[in-house]
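Asks: Build me a structure from this.
(chains A and B)
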Amino acid sequence: MRRSKISELLISADAGYEVLVCGWIRTVRNSGSVAFLQVNDGSCLADIQVVVEGDVLSLLETTELCTGCSVKVEGAVVESLGKGQKYEIKASYVEILGTADSNDYPLQKKRHTLEFLRDIAHLRPRTNTFGAMSRVRNAAAFAIHTYFQKHGFQYIQTPMITASDAEGAGSMFRVTTLDLANVPKKGGVPDLSEDFFGKSAYLTVSGQLEAEIFAQAVSDVYTFGPTFRAENSNTSRHLAEFWMVEPEVAFCDLNGLADLAEDFLKNVFAEVIDRCPDDMAFFNQWYDKTTLSTLESIINSDFERITYSDAIAMLKRSEQAFEYPVEWGLDLQSEHERYLTETKIGKPVVVTDYPKEIKAFYMRLNEDDKTVAAMDVLVPRIGEIIGGSQREERYDVLTDRMREAGMEEAEYWWYLDLRKYGSVEHAGFGLGFERTVQFMTGMQNIRDVIPFPRTPNNAEF
RNA sequence: UCCCCAGUAGCUCAGUGGUAGAGCAAUCGGCUGUUAACCGAUCGGUCGUUGGUUCGAGUCCAACCUGGGGAGCCA
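Replies: Modelled structure (predicted):
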């Protein structure tokens, strides 16, 4: 008999037919002559209740029938006599595939703290929360690809190893094949010409520069891949390894980019709500009772757009007691961003045109000569979910800015070439995938929206 | 990296300088339809580690380790 996923079974359920179901037991209720098994296979949030009685039960080693064991069940789908489920399986055959010694199986049929579950990341996908997280993450990734594919973007695989040591987005992990206990040296310093790439190499902090290359050849592209930051960040919204989505659009200015960001986010949110209603309802009930209503209102309203200068003026007028000063030229702090998006405006805010001194060299210089065409998309609770800009496409302006930033032009010869040959207006942004999932689910800690989080001092599993 | 908080049974927690506790889990028994099943009994501890104060430390102090919250860096 073909195995049915519990999800298909519950969708198509009507009584009477025979099915084969495999999965893991969540809990057993046994009254001696009849036992109820809650079986879950991860295809959906819901368990299927399996009723075992008579000979089928007496043939089973009931001490092995416990939370965590895996089973194969054959039986008829019948209307349930009990409350709580419409259908159940009346078992004609039950086989225990793999036992799970209840003396030491860590998961119990009760709620565990997220902190405890992080220590057993190999088992936490078997919980409701992480099953739901896995399905939502999957649906979100699919929605992202779908959105771009529908809009004519090409998916570009940018390299994970980069030899340019100054991409400007924070400290990097070194990649080396040198023997650390015996590093070859020349003149007292490590001789990197002996290393695999013949020079220093690092894990990428962004696929942007390479994405720009393809945008200026095939127009609209996006990357979606792992990204690495070696910062010693210990917060609920930072990871050392995370997934980033980076569209890069040719013939597009900052306004067009903000339009894209808004339309993109709304579509992804709507798609996930549509595809994972049960999982989203679960997060809404147990983690943040406002998450669904917040997403719905975002989908159905326009993002607020303000300039950095407007933001500074708003913050000054607010008469809020901020810990950090509000002054034109200073970067917005978390507390300022949260005030804007949570208190003052109450929905996503796109802040644009930041002072050039606090933004990266590749962002396009505005007419005023003081600000650059940068944008941050801020959302309640998470803060910055998207950071992007229109890119500087003018060769002379770009080299001036690189010099101001004290950068080595020679290192970026290929990036500068793009401005020499057929340069065009273009823009792009980076979206933190985990921050997006975090925002959608209402999960407090980013470590709980990625299967295996990497943070300082933590690379188990 | 900085500031604050926490660490007691497998899990979640109580314990206010004087005999180590509860619920759940586990184990054994009971129960013919349960819903984190229920009922009875049993088992369960280097109180994060090291040092100090004290007649006496789970409790007070110090350092370290681990975790959490916030900040910075950013997505």
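
Asks: So which bits of stretch A:269-276 are buried?
Replies: A:269, A:270, A:271, A:272, A:273, A:275, A:276 (16 or more other CB atoms under 10 Å). Glycine gets a C-beta too; all of them are placed from N, C-alpha and C.

Asks: Take the residues you listed and keep only those in helices.
Replies: A:269, A:270, A:271, A:272, A:273, A:275 (DSSP state H).

Asks: Show me which of the residues you listed is closest to residue A:50.
Replies: residue A:275 (27.0 Å; CB to CB).

Asks: doesn't residue A:139 make contact with that closest one?
Replies: Yes - between residue A:275 and residue A:139 a contact is recorded at 4.5 Å, counting by CB atoms under 8 Å.

Asks: ok, which pair from the ones in helices among the buried residues of stretch A:269-276 is furthest apart?
Replies: A:269 and A:275 (11.3 Å).

Asks: And the buried residues of stretch A:269-276, which is closest to residue A:24?
Replies: residue A:276 (20.4 Å).

Asks: tell me the pLDDT at that closest one?
Replies: At residue A:276, the model reports a pLDDT of 97.

Asks: Please apply the same query to residue A:169.
Replies: 58.

Asks: Then residue A:62?
Replies: Reported pLDDT for residue A:62: 84.

Asks: In contact with it, which residues?
Replies: Applying CB atoms under 8 Å, 6 or more residues apart in numbering, we find residue A:62 in contact with A:30, A:35.

Asks: From residue A:70, how far off is it?
Replies: 16 Å (CB to CB, to the nearest Å).

Asks: cool, and residue A:146?
Replies: Distance from residue A:146 to residue A:70, by CB to CB: 33 Å.

Asks: just residue A:9 next, same as before
Replies: Counting by CB to CB - residue A:9 and residue A:70 are separated by 17 Å.

Asks: Which of the two has more residues huddled nearby?
Replies: Neighbours were counted for residue A:9 and for residue A:70 using other CB atoms under 10 Å; residue A:9 has more, 20 against 16.

Asks: wait, that one sits on residue A:75?
Replies: No - using CB under 8 Å as the test, residue A:9 is too far from residue A:75 to be in contact (11.3 Å).

Asks: and for those two, which residues touch both?
Replies: Common neighbours of residue A:9 and residue A:75 (CB under 8 Å, 6+ apart) are residue A:19.

Asks: Which single residue of chain A ends up nearest RNA strand B?
Replies: residue A:82 (1.9 Å; CB to the nearest atom of the strand).

Asks: Next up, phi/psi of that residue, please.
Replies: As for residue A:82, its main-chain torsions (degrees, to the nearest 10) stand at phi -90, psi 180.

Asks: okay, now it: neighbour count?
Replies: 9.

Asks: buried ones in the host helix or strand of residue A:400?
Replies: Secondary structure from DSSP states H and E places residue A:400 in helix A:395-404. By 16+ other CB under 10 Å, the buried positions in helix A:395-404 come out as A:398, A:399, A:401, A:402.

Asks: List the residues that contact the last one.
Replies: For residue A:402, the set of contacting residues under the criterion of CB under 8 Å, 6+ apart consists of A:361, A:409, A:412.

Asks: how about 7 Å then?
Replies: When contacts are counted by CB atoms under 7 Å, 6 or more residues apart in numbering, residue A:402 touches A:361, A:409.

Asks: Tell me the secondary structure of residue A:222, please.
Replies: strand (DSSP: H, G, I helix; E, B strand; the rest coil).

Asks: Quickly note the distance from it to residue A:158.
Replies: In terms of CB to CB, residue A:222 sits 10 Å off from residue A:158.

Asks: Which of these two has more residues huddled nearby?
Replies: Taking other CB under 10 Å, residue A:222 and residue A:158 do not tie; residue A:222 has more neighbours (27 against 21).

Asks: How about that one: what's its closest non-neighbour residue?
Replies: residue A:247 (4.2 Å; CB to CB, 6 or more residues apart in numbering).
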